[in-house]
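Peer 1: Coordinates for the following, if possible.
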Amino acid sequence: MITIKHSKGTLTFPVTPPGLGLSGGDKKTESHDGIRGKTYSFITATGLRTFSLASHFPGTKRTYQTGAFVLPRTLDASLRRIKGKQEVVTLAITDTKQTMRCRILSYRSWQDKPKLGRSAKQADLEFEISFEEYAYPKVSKLKKKGKGSSKRGKSTKKKTTKKSSKPKKYVVKRNDSLTVIAQRLKINWRTLYTRNKKTIGKNPNRLYPGMVLYYG
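Peer 2: Numbering: from 1, shown residues only. Below you'll find the predicted structure:
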């Protein structure tokens, strides 16, 4: 028995097809015995597999069909809805205990001419359908970085702050003047005077030995 489990329930194919087609992956096959002496070959593959079958929905209740009788147009509408929504379903072949998560890749149906003594509503509905295996994408968790590692996009370099250099000092000697001292220190005498105006006073020429001047 072949079934597909979808969002609104389970759809059972009433007639088991004479053959089932499987392809894809690395083409390593394994065989399983099914009903009525049929043998199904399955491909054990690492890649995505495709599964196809062709059969019919009986227009009336038949002795060979599986499960309760369901109108062909009802089954047809369900398969078209599932394909249209690209719904992920579970395909199961109970005889072989094989299941596969898949989506309907293609589906087409057509109605046979009714047999003698039957109306058009009682005609069988032929169909062909193929499924493609569906694999959920694997999402790997990012490993947490250690305390010493840096966050993405941020630099690990520490901000360096310039150390403020201490001002240099000069002790005034006998016969020193701002001009002589400035030449000795290789700076402008006006800069030296401005820096030490509070110490020197209003007259830049009034210097005395032992006075401390700051520069740099």
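
Peer 1: all contacts plus neighbour counts: C-alpha atoms, from now on.
Peer 2: Noted.

Peer 1: Low-confidence ranges, the protein, go.
Peer 2: The chain contains residues with pLDDT under 70 at 19, 24-47, 114-118, 136-164.

Peer 1: which stretches of this protein form strands?
Peer 2: For the chain, the strands defined by DSSP state E cover 2-6, 9-13, 20-24, 28-33, 39-44, 49-57, 89-93, 98-111, 125-133, 168-171, 212-215.

Peer 1: Export these to CSV and append columns for mean neighbour count.
Peer 2: Formatted as CSV, the strands of the chain follow (neighbours: other C-alpha atoms under 10 Å):
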stretch, mean neighbour count
strand 2-6, 17
strand 9-13, 15
strand 20-24, 17
strand 28-33, 12
strand 39-44, 18
strand 49-57, 20
strand 89-93, 19
strand 98-111, 16
strand 125-133, 18
strand 168-171, 12
strand 212-215, 17
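
Peer 1: Any chance of those in CSV with distance to residue 181 as columns?
Peer 2: Below are those laid out as CSV (distance: least, C-alpha to C-alpha, whole Å):
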stretch, distance to residue 181
strand 2-6, 98
strand 9-13, 102
strand 20-24, 94
strand 28-33, 97
strand 39-44, 96
strand 49-57, 94
strand 89-93, 96
strand 98-111, 93
strand 125-133, 92
strand 168-171, 9
strand 212-215, 10
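
Peer 1: what's the burial count for residue 78?
Peer 2: 14 (other C-alpha atoms under 10 Å).

Peer 1: Which residue of this structure lies farthest from its centroid?
Peer 2: In the chain, counting by C-alpha atoms, centre = their mean, residue 175 sits farthest out from the average C-alpha position, at 83.5 Å.

Peer 1: Which residues are in contact with residue 173?
Peer 2: Shown in contact with residue 173 (C-alpha atoms under 8 Å, 6 or more residues apart in numbering): 208, 209, 210.

Peer 1: Point out the other elements, helices or strands, that the longest helix along the chain touches.
Peer 2: Criterion DSSP state H: the longest helix present in the chain is helix 72-84. Applying 3 or more C-alpha pairs under 8 Å, 6 or more residues apart in numbering; DSSP states H and E, we find helix 72-84 packed against strand 98-111.

Peer 1: The strand it packs on pairs with which strands, parallel or anti?
Peer 2: Counting by DSSP bridges, the strands paired with strand 98-111 are strand 89-93 (antiparallel), strand 125-133 (antiparallel).

Peer 1: Residue 62: which of the ones you listed is closest?
Peer 2: When the strands paired with strand 98-111 are compared by C-alpha to C-alpha, strand 125-133 sits nearest residue 62, at 13.6 Å.

Peer 1: Show me how far stretch 57-76 is from its chain's centre.
Peer 2: Counting by C-alpha atoms, centre = their mean, to the nearest Å, stretch 57-76 is centred 43 Å from the centre of its parent chain.

Peer 1: returning to what we had before: quick one: which of the strands of the chain is nearest residue 119?
Peer 2: Nearest of the strands of the chain to residue 119, taken as C-alpha to C-alpha: strand 98-111 at 12.2 Å.
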